[in-house]
Structure formats: structure tokens, C-alpha cells
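[1] Dropping the sequence and predicted coords here.
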Amino acid sequence: MSFSYRSNLQALVTVLVAGLVLTGCGQPDKSAAPQVPMPEGILAAEAGWQIVGEGYVFTDGPAVRADGVVFYTDVTNWRIYRENPDGSLTEFADDTGGAQGMMFGPDGRLYVCRNKYGELVVYNEDGSYDVLLAGEPVEVMGNPTAEPEFCNDVVVTSKGLIYYSDRANRQVRLLRPGAAEAEVVASGYRPNGIIMSPDESRLYTTDSLTPRLVAFDVQEDGTLVEIENFFDPILTTTDLQGEKVDAGRPGTNGMTVDAEGRVYVSSFVGIQVFSADGRFLGSIPWPSGFVSNLTFGGPEFDTLYTTGVQKVYKTQTLTKGAPYFLNAE
């Protein structure tokens, strides 16, 4: 890829994301959204949001390592950063192809959806990487780039199974360890965020086009069986700082879970929280702007990290996350 092409593409993405911010799609008007209670037992009463990093256009893909260190992507500048224990930031990788979804596996490596290169890769500790899957480039707005046509967000199980959302083809796919190709395990809607229950018995995804979350029972062979109407509906809004959005579009994106099995989902109506049995518990207001994704990090996994527009934040929690590498034998 030439430098001029990469620069032009980054400029295009920067303009598009900045436009979302200015028109309100990046910073929904909270006064226009439904007023809902905060879920109990999650945030400490005195806890506030702290800035981890700033000066970005759009960030995504927060991923926690076994020691609690959190990595995230600077999507528009094609970089991955990590937060060090002292709060400083270190660049982990560049030329990341607009990476978005990320998660650490039980092998200690970082699995990444490199969307603009059309690749699912795994990064080693030294920043080198291996390509697991490669897609075909497609034309997007006149630019020969790669849509996230087979990998937008990703979850890696304690056994090394890789599930990922394929938005363009409206599928959820599964890549087994050592396999050369992935198989379709769900289809018929436009998935985005993807996560599993703490015990890995269920898989959850968002639906980009309708206000619902989709739940599946994970079978012994890794295939999925949908659980109909498992979750309460996602709350929505149709007014984002005066900009109308399609009725029913939820703005749902990233997901995470805590050790109690609660499911956290970024949306146009804050960070919506659901119980382990699918009941809506309330919504946590964003620190600022729109939250793209979230994860629990820190040495005890009791800090909630959020990515999104312009800044990355964190806040102390009363609960803990449940990364799947903790289940590995």
C-alpha cells in the first residue's frame, strides 16, 4: 500500500468521523434520549471518568491482557496503543489497517480485525503478526480499500475458538484453531458487537439495524443455536442533537460482560446493562461523546475502559470483568 493511498484514506475516514461528531451522530443529545436509571452495584458512588488518552478522532477495540493491561486501536491513524501500569501510553503497532475489534486469547497473543486490509491477524508480544484470514478488497466510496466484510469485532474463547462478526455479509463466523477457513454459524441479520457469557456457554451479539441483542447457546462442537427473545429490547432515540436517525436504529456497537454475567452494550442511549438472564437493568451515561466499545481492565479487572470519539476513558467499578483466558486450563 502506498503512502499516498494510506494518507488519502486516513484523511477520508477522519473527515467522515469528524462529520459524525459535528452533526451529532458522534455525540448524541442525552436530553433527547429516554431518561433511565443507573444500574445498581456497578460504579462506585465516588467514581468518575478519567482520561486514558486523547487527541484522537475515533478509537475502538479495547482489549485486556492477562496482567490487566489494556490495549486499544487508534482507528483513523492506524495504530494500536497500550496503557502502561504507570498510566503512560506506548505505541504497540502501526500500519494496522484501521484495526477495530481486538481480544487477547489464552495463548497471550492479540487477535485483531484489520478491516481496511481485509485481514484477521494475531499479534505477537514483539508487535509482529501472523495473518489468519485474508479477504478480498472492495471499492468503498471510490477508494480501493477493504470493507470489514468478514471481520468487524471478535471474541476468542479459552479453547482458542475465534468467533467474529461479518457485517457486510450479515453473518457470524467461527474460525477453529489451525483451520484455513471459517464457517458460518449464524446469519440473516447485521451483527456488530460480539461477546460471550463468563462461562462461555452463550454467545451474544448486537444487531446494527434493529433494537435487539441476539443470544445463542454454544453447542459442544462450537456451533450456535439461537435463544429467541432472550434479552429485553434495546432502548433507542431518534434525535441526536437535532439530527434525525432512522426510527429503531439503536447505535449498538461494542459489548463486554462482568463476572456476574451482566452484559454491557454501547448504544445511542449510553452503556445499556442487562442481567445474566436478559433483563434490562439500566444505562450508564457516557463520559463524553459516543462510546464505541468497552472492556474491564486493571490488575483486578475492576476498571471499566471505554473507547469512542476523541478520547479513551476509564472508571473504577464495584464488579470485575471475566476475560476468557482466565478459564483456560
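    Now that the structure is in, tell me what you want to look at. Numbers count the residues shown, from 1 in each chain.
[2] can you give me the helices for this protein?
    3-23 (DSSP state H).
[3] Residue 43 bridge partners, please.
    residue 317 (DSSP bridges).
[4] What about it, how many residues nearby?
    Using other Cβ atoms under 10 Å, residue 43 has 18 neighbouring residues. All C-beta atoms are positioned from the backbone trio N, CA, C, and that covers glycine.
[5] my guess is it meets residue 284, correct?
    Yes - between residue 43 and residue 284 a contact is recorded at 6.7 Å, counting by Cβ atoms under 8 Å.
[6] Which residues are in contact with each of those two?
    Counting by Cβ atoms under 8 Å, 6 or more residues apart in numbering, residue 43 and residue 284 have no shared contacts at all.
[7] how far away is residue 76 from residue 309?
    Counting by Cβ to Cβ, to the nearest Å, the separation of residue 76 from residue 309 is 11 Å.
[8] ditto for residue 323
    Counting by Cβ to Cβ - residue 323 and residue 309 are separated by 25 Å.
[9] Same check on residue 107?
    Taken as Cβ to Cβ, the span from residue 107 to residue 309 is 33 Å.
[10] and these two? which has more neighbours close in?
    residue 309 (21 against 14).
[11] Nearest residue to that one in space, ignoring adjacent ones along the chain?
    Distances taken as Cβ to Cβ, 6 or more residues apart in numbering put residue 289 closest to residue 309, at 3.4 Å, once the chain neighbours are dropped.
[12] Wait, that neighbour touches residue 312, no?
    No - using Cβ under 8 Å, residue 289 is not in contact with residue 312; the gap is 10.8 Å.
[13] so the closest residue to residue 203 other than its chain neighbours bridges to which residues?
    Spatial nearest neighbour of residue 203, excluding adjacent residues (Cβ to Cβ, 6+ apart): residue 216 at 4.7 Å. In this entry, residue 216 is beta-bridged to residue 203, residue 226, by DSSP bridges.
[14] Tell me where the stretch 201-329 of the chain has strands.
    Along the stretch 201-329 of the chain, the stretches classed as strands by DSSP state E, counting those that start in this stretch are 202-207, 213-218, 224-227, 239-240, 243-244, 255-257, 263-267, 270-274, 280-284, 291-297, 303-316.
[15] now swap in the stretch 1-150 of the chain and tell me
    Per DSSP E, counting those that start in this stretch, the stretch 1-150 of the chain carries strands over the ranges 50-64, 70-74, 79-83, 89-94, 102-104, 110-114, 119-123, 129-134, 138-140, 143-145.
[16] C-alpha coordinates for stretch 184-201, CSV please?
    Extracted in CSV, the C-alpha atoms of stretch 184-201 (Å, rounded to 0.1, in the frame of the first residue of the first chain):
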residue,chain,number,x,y,z
VAL,A,184,-20.8,-19.6,9.2
VAL,A,185,-22.6,-20.3,12.5
ALA,A,186,-25.3,-17.6,12.3
SER,A,187,-26.8,-15.4,9.6
GLY,A,188,-29.8,-13.3,8.5
TYR,A,189,-29.0,-10.1,10.4
ARG,A,190,-26.2,-7.5,10.6
PRO,A,191,-24.1,-8.3,13.7
ASN,A,192,-21.6,-5.9,15.1
GLY,A,193,-20.5,-6.3,18.8
ILE,A,194,-19.9,-9.8,19.9
ILE,A,195,-19.1,-11.3,23.4
MET,A,196,-19.7,-14.5,25.4
SER,A,197,-21.0,-15.2,28.9
PRO,A,198,-18.3,-15.7,31.6
ASP,A,199,-18.7,-19.5,31.4
GLU,A,200,-18.6,-19.4,27.6
SER,A,201,-21.9,-21.3,27.4
